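Trainee: okay, sequence plus prediction incoming.
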Amino acid sequence: MEENEKRLVDLVADMDEDEALVLAQEMLDGGVDPVRVLELCREAMDIVGKRFENGEYFLPELILAGEVLDQIGAMAKPLIMESPDKPAKKLARVLIGTVHGDLHDIGKNIVTFMLDINGFEVKDIGIDVPAAAFVEEIKAFQPQVVCLSGFLTLAFDSMKETIEAIKAEGLRDRVKIQIGGGQIDETIRVYTGADGYGLNAIDAVSFSRTCTGG
Ligand code: B12
């Protein structure tokens, strides 16, 4: 990792909001890939999470970290949108939401944004979404892909319930389901009954492309 990259991770993790924003802007102005800048922020969030687990940080720090990330996201997103390989027409419909019991949405918002600029028609139904709401939206919006996001461990059960509800309504064969956020792996994918899992927004785009031939 380059020196500036490491400094950005440290500044965000150390809650040095003003300096973090200045450095992020400098890096973006200097031509650093905005997707890379967002990835560095995600790494910083892992450090924030560990400090929270260890009792060094508390809820206010989690909230502040989320705000810093939102602000850096707002700087980076317009630059990602200028990218020349952006497809002109919408490819397929993707429904996305954070499952019930879970309020984390920064990662979901990045995934939504990346799907959108990569040509998918994305409907984001927010946070703490009950299984029944996913079912209704599948009926109304008719997506080819459903993305379930969740960061908490308890989200795994909500994802499983959501997929079971989709199955119970006879809609399971109509959609490909991908899960993401937090500590998700193949074991969790099997547990929840999803078709795939992803670790970042790029995985979400690749999965949706593969599923829809886009
Ligand atoms: C910011 C934050 C918050 C903010 C959230 C603000 C918001 N608007 O989202 C606030 C303060 C609200 C919060 C609250 C809580 N939090 Co919190 N939070 C975090 C923190 C520090 C960062 C999360 C984040 O935004 N990361 C950055 C984004 C960009 O990354 P991401 O979410 O992983 O998303 C990427 C990928 O996962 C992926 N992705 C995401 N969704 C999807 C979907 C699909 C389909 C795909 C393919 C990919 C994908 O792509 C994204 C972009 O690359 C994490 C620690 C950490 N390790 O990150 C703890 C963390 C998630 N929180 C935690 C906890 C415990 C809580 C609280 C219970 C605290 C409390 N005592 O109240 C509450 C729970 C509230 C609730 N019911 O949800 C724990 C969870 C532990 C667990 N295993 O369950 C963590 C891990 C901290 C820790 N180590 O203890 N939190």
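Mentor: Ah, there it is.

Trainee: quick one: residues contacting the residue of the chain positioned farthest from its centre.
Mentor: If you look at how far each residue of the chain sits from its centre, by Cα atoms, centre = their mean, the farthest one is Gly170, at 27.2 Å. By Cβ atoms under 8 Å, 6 or more residues apart in numbering, the contact list for Gly170 is empty. All C-beta atoms are positioned from the backbone trio N, CA, C, and that covers glycine.

Trainee: how close does it sit to Gln142?
Mentor: Taking Cβ to Cβ, to the nearest Å as the measure, Gly170 falls 14 Å from Gln142.

Trainee: now swap in Thr192 and tell me
Mentor: Taking Cβ to Cβ, one finds Thr192 at 22 Å from Gln142.

Trainee: give me the more crowded residue out of the two.
Mentor: Thr192 (24 against 12; other Cβ atoms under 10 Å).

Trainee: pLDDT wise, what is the more buried one at?
Mentor: At Thr192, the pLDDT value in this model is 98.

Trainee: identify the residues contacting stretch 55-67?
Mentor: Outside stretch 55-67, the residues that reach it (Cβ under 8 Å, 6+ apart) are Val12, Ala13, Met15, Glu17, Ala44, Met45, Val48, Arg51, Phe52, Ile106.

Trainee: and those as JSON lines, adding neighbour count, pLDDT and secondary structure?
Mentor: What follows is the contacts of stretch 55-67, written out as JSON lines (neighbours: other Cβ atoms under 10 Å; pLDDT from 0 to 100; DSSP: H, G, I helix; E, B strand; the rest coil):
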{"residue": "Val12", "neighbour count": "27", "pLDDT": "95", "secondary structure": "helix"}
{"residue": "Ala13", "neighbour count": "23", "pLDDT": "96", "secondary structure": "helix"}
{"residue": "Met15", "neighbour count": "16", "pLDDT": "92", "secondary structure": "coil"}
{"residue": "Glu17", "neighbour count": "15", "pLDDT": "94", "secondary structure": "helix"}
{"residue": "Ala44", "neighbour count": "23", "pLDDT": "93", "secondary structure": "helix"}
{"residue": "Met45", "neighbour count": "21", "pLDDT": "90", "secondary structure": "helix"}
{"residue": "Val48", "neighbour count": "23", "pLDDT": "93", "secondary structure": "helix"}
{"residue": "Arg51", "neighbour count": "18", "pLDDT": "96", "secondary structure": "helix"}
{"residue": "Phe52", "neighbour count": "15", "pLDDT": "94", "secondary structure": "helix"}
{"residue": "Ile106", "neighbour count": "20", "pLDDT": "91", "secondary structure": "helix"}
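
Trainee: backbone dihedrals for Asp18, please?
Mentor: Per-residue torsions, Asp18: phi -60, psi -50 (degrees, to the nearest 10).

Trainee: please tell me how far it sits from the ligand.
Mentor: Distance of Asp18 to the ligand, given as Cβ to the nearest ligand atom, to the nearest Å: 19 Å.
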